[in-house]
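A.B. asks: predicted structure and sequence below. I'll ask about it afterward.
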Amino acid sequence: MDRYVIAIDQGTTSTRAIVFDHAGTIVSTGQLEHRQHTPRPGWVEHDPLEIWANTRRVVAEALAKADITRQELVAVGITNQRETTVVWDKRTGEPICPAIVWHDTRTQPLVDRLAEEGGVGRYREVTGLPLATYFSATKLLWILDNVPGARDKADAGHLLFGTVDSWLVWNLTGGVHGGLHLTDVTNASRTLLMDLETLDWSDEIVDELGIPRTMLPEIRSSSEIYGYVGGHSLLREVPIAGILGDQQAATFGQAAFEEGESKSTYGTGNFILVGTGTERVLSEHGLLTTVAYQLGEDPPRYALEGSVAVTGALVQWVRDNLGMIGSAKEIEEHALSVPDNGGAYIVPAFAGLFAPYWRPDARGVIVGLTSYVTRGHLARAVLEATAYQTRDVLEAVEADMGAHVHTLAVDGGMTVNELLMQFQSDVLGIDVVRPVVSETTALGAAYAAGLAVGYWKSLDELRANWQEDARWEPEMSRTEANRLHRQWRKAVERALGWVDDAD
């Protein structure tokens, strides 16, 4: 009987289940989008119960398409949107409020108050992260302080906190009937609560913020058997053996295991990770220090990360909010109708700017408009914004690492856009390479789970699975690329300082 690994990829806009074979190729996929709730400007919420329901449905779809049952699965791997915060009552299994999504900015006043003592770098030496609305800790505090009864229930030990991986594992392993409450080091490293050295919750930070320790999940490695799926699930008795935050999972799926190896994932946002090995490197140029992965009892591996909040989400915005296109794939068609951006630039600072700027006061702008500019020019500006933001981050990576990045490995939904990938190569001046299996986020979770149960024996075996699908080489002169990027930086300057104290 053939054996497989199934990965649950719970992302910002959809949930997928993907079945992989031993060669790391996709056997089948199930996918469902979930609703994006924006009840106020800057607020972004998801329904955890909808996500859990969708998870069960996509697993069923993937198994049906593959024509297999749980008996043919060796392990389940989980990867998830990071930082998104869920708080639920362990007695009922009900969330006490919607999940607060990673790019929600409602906690900025709390961030500002915490930064009054020690600045935005108050916890950076311990956690590798600046104070920002991005991370889970302030979202959790907001829930405790603003949801009626939350603080009392938390103090009584009734509430559990977790990122989406914890929510799924708890439900998969039994929920109110003994569900496991845990997370892995990569997700924990994005909460602003974990000590990067001890790989445990920082007692000092947890106490300072007044978070009941009983709410926090147990921190485990990224690859081990945590427990088994329970209840009446289609995955019943299959071991859950791998957990990685989505960007770390994509890095793992790209087989970028070693120091200096990098990847860029093009999804709702863009996330560039460069491995630093067993050394924790604190950035001086606006990047984050994060755990890349930990395999069982092995020492953890670390990475520098540049997080860009809005890239694919900008395409979704012009589709859903402006009605400029009917589907995401139309953006390339319109962009190809013109030879350049017509002088127009879009800075999608919908929730401020993340790396390397970290400016919560920024807001989105469209600049350079003239009567010459058409829908095609704006479509091209939408795509170019992704490439410019990626260059900003890679320049920060090179400054921190003291080394030049020669090739960029890419993955994610936007990499099917040939125009974007060519422009990305042009603006960076380096080759851009896409693997055969572009769903590297799910693949990384599958790899972590498969390693834990012996389905794959070593990292070398995983590396051997990697195959190049497409490569883009620079065609633009460096003079022109630098001119365009210089104009982009001028556009960024116009976006800064838009929100002031009066706002």
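C.D. replies: Nice, I can see it. Numbers count the residues shown, from 1 in each chain.

A.B. asks: any idea how far residue 181 is from the residue nearest to residue 231 when sequence neighbours are not counted?
C.D. replies: Using Cβ to Cβ, 6 or more residues apart in numbering and skipping residues adjacent in sequence, the residue nearest residue 231 is residue 174, 6.2 Å away. In this view, the C-beta of every residue, glycine as well, is placed from N, C-alpha and C. Spatial separation of residue 174 from residue 181 under the definition Cβ to Cβ, to the nearest Å is 11 Å.

A.B. asks: got it, and residue 308?
C.D. replies: As defined by Cβ to Cβ, residue 308 lies at a distance of 32 Å from residue 181.

A.B. asks: neighbour count winner among these two?
C.D. replies: Between residue 308 and residue 181, counted using other Cβ atoms under 10 Å, residue 308 has the larger neighbour count: 25 against 18.

A.B. asks: ok, that one touching residue 356?
C.D. replies: No. Under the criterion of Cβ atoms under 8 Å, residue 308 lies out of contact with residue 356, with a separation of 9.5 Å.

A.B. asks: now the common contact residues for these two.
C.D. replies: Counting by Cβ atoms under 8 Å, 6 or more residues apart in numbering, the residues touching both residue 308 and residue 356 are residue 393.

A.B. asks: was I right about residue 353 contacting residue 309?
C.D. replies: Yes. The pair formed by residue 353 and residue 309 meets the contact definition of Cβ under 8 Å, at 7.4 Å.

A.B. asks: more neighbours: which of those two?
C.D. replies: Taking other Cβ under 10 Å, residue 353 and residue 309 do not tie; residue 353 has more neighbours (26 against 23).

A.B. asks: how about the strands in the stretch 251-400 of the chain?
C.D. replies: Using DSSP state E, counting those that start in this stretch, the strands assigned to the stretch 251-400 of the chain run over residues 262-266, 270-277, 288-293, 301-308, 345-347, 365-367.

A.B. asks: just want the angle from the second one to strand 301-308.
C.D. replies: With axes from the mean of the first three to the mean of the last three Cα atoms, to 10 degrees as the basis, strand 270-277 and strand 301-308 are set at 160 degrees to each other.

A.B. asks: please export the C-alpha coordinates of the helix or strand harbouring residue 169 as PDB.
C.D. replies: When elements are defined using DSSP states H and E, residue 169 is found to belong to helix 164-172. As requested, the backbone C-alpha atoms of helix 164-172 are provided in PDB (Å, rounded to 0.1, in the frame of the first residue of the first chain):
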ATOM      1  CA  VAL A 164      -4.300  29.200  14.700                       C
ATOM      2  CA  ASP A 165      -2.100  26.100  14.900                       C
ATOM      3  CA  SER A 166      -3.000  25.700  18.600                       C
ATOM      4  CA  TRP A 167      -6.700  26.100  17.900                       C
ATOM      5  CA  LEU A 168      -6.600  23.400  15.200                       C
ATOM      6  CA  VAL A 169      -4.500  21.000  17.300                       C
ATOM      7  CA  TRP A 170      -6.700  21.400  20.300                       C
ATOM      8  CA  ASN A 171      -9.800  20.600  18.200                       C
ATOM      9  CA  LEU A 172      -8.200  17.800  16.200                       C
END
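
A.B. asks: can you list the residues that contact that helix?
C.D. replies: For helix 164-172, the surrounding residues in contact (Cβ under 8 Å, 6+ apart) are 8, 10, 48, 51-52, 55, 76, 78-81, 84, 86, 88, 93, 99, 160, 162, 179-184, 187, 217, 226-227, 229-230, 233, 235, 240, 243, 245.

A.B. asks: averaged pLDDT, it. What do you get?
C.D. replies: Confidence over helix 164-172, taken as the mean pLDDT, stands at 97.

A.B. asks: ok, now stretch 194-207?
C.D. replies: For stretch 194-207, the per-residue pLDDT averages 96.

A.B. asks: now swap in stretch 334-346 and tell me
C.D. replies: The average pLDDT for stretch 334-346 rounds to 95.

A.B. asks: gap between the two ends of it?
C.D. replies: Across its full length, stretch 334-346 reaches 16 Å end to end, with Cα to Cα, to the nearest Å as the criterion.

A.B. asks: what does it rub up against?
C.D. replies: Under the criterion Cβ under 8 Å, 6+ apart, residues 314, 324-325, 364-370, 372-385, 419, 487-488, 491 lie in contact with stretch 334-346.

A.B. asks: just those: which are in helices?
C.D. replies: 314, 375-385, 419, 487-488, 491 (DSSP state H).

A.B. asks: of these, buried ones?
C.D. replies: Buried subset of the ones in helices among the contacts of stretch 334-346 (neighbour count, 16 or more other Cβ atoms under 10 Å): 314, 376-385, 419, 487-488, 491.

A.B. asks: which pair in those has the greatest spatial separation?
C.D. replies: Farthest apart among those by Cβ to Cβ are 419 and 491. That separation is 19.9 Å.

A.B. asks: what segments of the stretch 301-450 of the chain are helices?
C.D. replies: Shown for the stretch 301-450 of the chain, the helices assigned by DSSP state H, counting those that start in this stretch span residues 312-320, 330-335, 375-401, 418-428, 440-452.

A.B. asks: all good on my end, thank you.
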